[in-house]
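In: my questions are about this predicted structure, shown below with the sequence.
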Amino acid sequence: MEPITTHTGVGVPLKQSNVDTDQIIPAVFLKRITKTGFDDALFHAWRKKDDFVLNQEPYRHGTVLVAGPDFGTGSSREHAVWALKDYGFRVVVSSRFADIFYSNAAKQGLVAAKVAQPDVELIFKELEKEPGTEVTVNLESRTVRCGSVEATFEMDNYTRWRLMEGLDDISLTLRQEAAITTYETTRGAFKPTTLPAKV
Amino acid sequence: MAENSAEMPLTLAEKVWRDHVVVRGEEKDGQRSPDLLYIDLHLVHEVTSPQAFEGLRLANRPVRRPDLTIATEDHNTPTLEIDKPIADPTSRKQVDTLRANCEEFGVRLHSLGDANQGIVHVVGPQLGLTQPGMTVVCGDSHTSTHGAFGSLAMGIGTSDVEHVLATQTLSLSPFKTMAITVNGSLKPGVSSKDIILAVIAKIGTGGGQGYVLEYRGSAIEELSMEARMTICNMSIEAGARAGMVAPDQTTFDYVAGRPHAPTGEDWDAAVEYWSSLATDEDAQFDADVVLNADELEPFVTWGTNPGQGVSLSESIPDPAGFHDPVDRESAERALQYMDLAPGTAMKDIRVDTVFLGSCTNARLEDLRAAAEIIKGRQKDPDVSMIVVPGSARVRLDAEAEGIDQVFKDFGAEWRFAGCSMCLGMNPDQLAEGERCASTSNRNFEGRQGKGGRTHLVSPVVAAATAIRGTLSAPSDVTADAPVPA
C-alpha cells in the first residue's frame, strides 16, 4: 500500500445521501476474480446519465469525491473501494461513512475523511461556484481545504498512522504470532471445528 | 465499550469481545489502537474470496486454521437446472476459482448439488457451526445474522478475509453498545421482519454506525431462533457493526443435536459458558431504543433505502413534510426512482413479482409461514412468484413436509437454493421498471436488477401480496375470503 500524507486534486460534488455500495459498483461486476480493472464499473448505472457529475468536465478528472452523509452503506464489497481507486479517487469526504466501507478504504489507502455536514455543505458551494476547484487533504493536520473553506476531519490515530506509513496489516499481525498461538491453547474444548465434516 | 475488569458489569457484546482478545490495543495520546481479536469461525463464499486467496498465494502464506473455515457457493449459483454447468462464463469462473482455492488450501466446501450448499448465513447455523459466544466473520455484510445466537458476527471486506485466512484474527476498534428493547408481544400476522424494518425506520440507515446492537425485551425472548436471525441479519441496514440476542433456552434447544453441536461433557461445559454471557443487570449501554411490539403492524418500504418504510396500512409520506433537507432530497429521489406519488396508500400499490428468499427470510419457518397463507388459495394471475429456499437442506426439509407442493399448486416457482434475486448475480433478476415485493434486505436502486423496484416485506406479507396482486397484509386475505376448510 502506498503511503499517503497529503493529496490535492479536483473535487467532485456528489450531493446525495446514502450512496450505497450497490450504486458505487453493481453486483454484476463482482464476478471478476482480480483486484483491478474496475474503473469502468464505478457508479455504472448513474454514469449512463449525461447529467451525472462524473460525465461533466472538469469533474471527470476528479480525485476527491465529496458526498452526502452515510456514504458506502450496504454490502461489504471491497470492490467499491477498488473501483473508486481505479477511477482515480484518492479521497472521499463525507460526514458519515458506513463502518465496513470505512475499514475497507483504510486497508486500500483510500482516505475517508469525516467532515462535519455544515462544512461539507460549504465545500459543495465552493465546488459549484467554481467547478474544477481543487481540494487539499492533509492527514498530518487532519484538515481539508477547498477555496476559502478550511475544515478539520475526524480520523483515529491508528487508521491515520497506517495510511501515512502505508502498512500491510497481515505482516503487522504476524508479528503477534506467538500471542495468537498462546491464545489458541486457551480456547474452550467445546468450540466447534469445521473439520472433520460431521455430515 | 466498558473496560475489561472483573468487577465491572458488562454487556453481552463486551463479554464476547473480552473473551477473544489476543492482544489488547495500546493507549496512546488518549486513544486506544485496535484490539487483536481471535476469530472462531470464518465463512467463505465465491464472491469476496478470490482476491484474498490470491493474496495468500503471492505471499506464500497458508490458511492458518482450515478447521475453523468453511466455504459454500451461493451468490452466483443458478436456481434452475443446477445439474448443468453454470451458463454465465464469469459466474462459472468465479465458482470454479473457489473450488480450486478450497482444494489448494484445504478448506471444506459445500458445492452446488451438495445437501449443505446454500446461502452462507443459512448453512452455518444449520450445521451447528454457529454457536453462542463465538466470533464469526464472513466477507458479506449479512454476517450479522449469526448474532442471533449471542455471537459477535461481522461482515468484512476482502482485505480482512485475507487477514483472517492468514492469521485467524482481526484488528478491531472498540465499539459502542446500543440496547434495542422490544416490549410486549407481536400480534398475529406481524413478524420479526416487521420489528427490524420498524427499528431501521426509527434509527435510520446510519443510526447504528459504530454500535453493536443488542435486541432484548419480551418480544425478542418470545421469538424463535429463525425469527431472531431475521432481525440480526438486517442490523447492517441500520449501519450497525453487529446485532446480537442473548443466548437462552431457545438458543440451546436450536443448537442441540446439530451435526457440529457439542455433546456429552462438552455440551455441559458449553451451556454453562453460554449461560454466563447475558448482559449483566447493571451494565450500561451507550444508547437505548425502545419499541412496543403490541403497536407494530406489518411494515413495508416505499423508498430506496431500508430506512424508508411505513406500516402497510399507511400511505407514502410527502417529502415536503421532511424537516431534514438531506432526508427530503433522498425521499424525492427515491419516489422518482420508485415511480410513486406521495399520499398513495401502500395497499394500492400493485406488484409484478414476489420474491420469497434470501438470508433474511428463506429458512424453513419462513417458507412454512408463507405456505400457511397461500394454501388452498389462488395466486393473482398477473403476479409471478419465485420461492428460493435458503439452502439445499431447507429445500429438502420443506419438500419432506409437502410445502413445495403448496407453492407449486399456488402457481409459484419452486427453485434451488442460493442468494438469487436478492441481488441478482445469477439470472434471477427483475426487468427494468418491474416492481417486486421481496422478503430480502435491500431496496437499493437496481439491487434486484437494473431499473427494478423493490418493496421489502415479511414472508406472510409476500404471500398475501401474491394472492391479491397489491401489497397486502395476511388479514386482508382472510377478510376477502374465509380460511378454506
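Out: Thanks, I have the structure now. Numbering: from 1, shown residues only, chains lettered A, B, ... in the order given.
In: what helix or strand does B:L170 sit in?
Out: strand B:169-172 (DSSP states H and E).
In: B:M178 too?
Out: strand B:176-183.
In: and what of A:E150?
Out: Element membership for A:E150, per DSSP H and E: strand A:149-152.
In: identify each buried residue in that strand, please.
Out: The neighbour-count check on strand A:149-152 (16 or more other Cβ atoms under 10 Å in any protein chain shown) flags A:149, A:151 as buried. Placement of C-beta: from N, CA and C, glycine included.
In: does chain B sit close to that strand?
Out: No - contact of strand A:149-152 with chain B (Cβ under 8 Å from any Cβ of the partner chain) is absent, the minimum separation being 15.8 Å.
In: ok, that strand: who's next to it in the sheet?
Out: Sheet pairing of strand A:149-152 (DSSP bridges) gives strand A:143-146 (antiparallel).
In: using CSV, write out every CA atom in the strand it pairs with.
Out: C-alpha atoms of strand A:143-146 as CSV (Å, rounded to 0.1, in the frame of the first residue of the first chain):
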residue,chain,number,x,y,z
THR,A,143,-7.6,19.2,7.5
VAL,A,144,-9.5,19.6,4.3
ARG,A,145,-9.1,22.8,2.3
CYS,A,146,-11.2,23.9,-0.6
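In: what average pLDDT does it get?
Out: Averaging pLDDT along strand A:143-146 gives 98.
In: which residues sit against that strand?
Out: Outside strand A:143-146, the residues that touch it by Cβ atoms under 8 Å, 6 or more residues apart in numbering or on different chains are A:11, A:66, A:93, A:113, A:115, A:119, A:123, A:126-127, A:133-138, A:150-153.
In: could you do stretch B:335-346 as well?
Out: With Cβ under 8 Å, 6+ apart, stretch B:335-346 has contacts from B:300, B:302-304, B:310-320, B:349, B:433, B:445, B:453, B:471.
In: buried ones among those?
Out: By 16+ other Cβ under 10 Å, those give B:300, B:302-304, B:310-312, B:315-317, B:319, B:349, B:445, B:453, B:471 as buried.
In: so what's the most centrally placed residue in chain A closest to, chain neighbours aside?
Out: When Cα atoms, centre = their mean is applied to chain A, the residue found nearest the centroid is A:A105 (3.6 Å). Sequence neighbours aside, A:A112 is the residue nearest to A:A105 in space, at 4.4 Å (criterion: Cβ to Cβ, 6 or more residues apart in numbering or on different chains).
In: the helix or strand where that neighbour lies packs against which elements?
Out: Using DSSP H and E, A:A112 falls within strand A:111-114. Other elements packing on strand A:111-114 under the criterion 3 or more Cβ pairs under 8 Å, 6 or more residues apart in numbering or on different chains; DSSP states H and E are strand A:91-94, helix A:99-107.
In: from A:E78, how far off is the closest residue in space to A:H44 that isn't next to it in sequence?
Out: The shortest distance from A:H44 to any non-neighbouring residue, by Cβ to Cβ, 6+ apart, is to A:P26 (5.3 Å). A:P26 is 15 Å from A:E78, where distance means Cβ to Cβ, to the nearest Å.
In: more neighbours: which of these two?
Out: A:E78 (29 against 24; other Cβ atoms under 10 Å in any protein chain shown).
In: give the partner strands of the strand ranked longest in chain A in its sheet and their orientations.
Out: Scanning chain A for the strand with the most residues, using DSSP state E, yields strand A:6-14. Sheet pairing of strand A:6-14 (DSSP bridges) gives strand A:64-67 (parallel), strand A:134-138 (antiparallel).
In: any idea which helix or strand comes after it?
Out: Heading C-terminal from strand A:6-14 (DSSP H and E), you reach helix A:21-24.
In: residues in contact with that next one?
Out: Contacts for helix A:21-24 (Cβ under 8 Å, 6+ apart): A:42-43, A:45-46, A:72-77, A:79-80, A:83-84, A:98, A:101, B:423, B:442, B:444-447.
In: B:S33 is in contact with B:E26, correct?
Out: Yes - B:E26 is within contact range of B:S33, at 5.2 Å (criterion: Cβ atoms under 8 Å).
In: more neighbours: which of those two?
Out: For the pair B:E26 and B:S33, the greater number of neighbours falls to B:S33 (19 against 11), based on other Cβ under 10 Å.
In: I'd like to know how far the nearest residue to B:M229 once chain neighbours are set aside sits from B:Q131.
Out: Once flanking residues are discounted, B:M229 sits nearest to B:A148: 4.3 Å by Cβ to Cβ, 6+ apart. From B:A148 across to B:Q131, the span is 11 Å (Cβ to Cβ).
In: try A:V64
Out: Distance of A:V64 to B:Q131, given as Cβ to Cβ: 45 Å.
In: determine the set of other helices and strands touching the helix or strand harbouring B:K15.
Out: B:K15 belongs to helix B:12-18 when assigned by DSSP H and E. Counting contacts by 3+ Cβ pairs under 8 Å, 6+ apart, helix B:12-18 packs against strand B:152-155, strand B:211-216, strand B:242-244.
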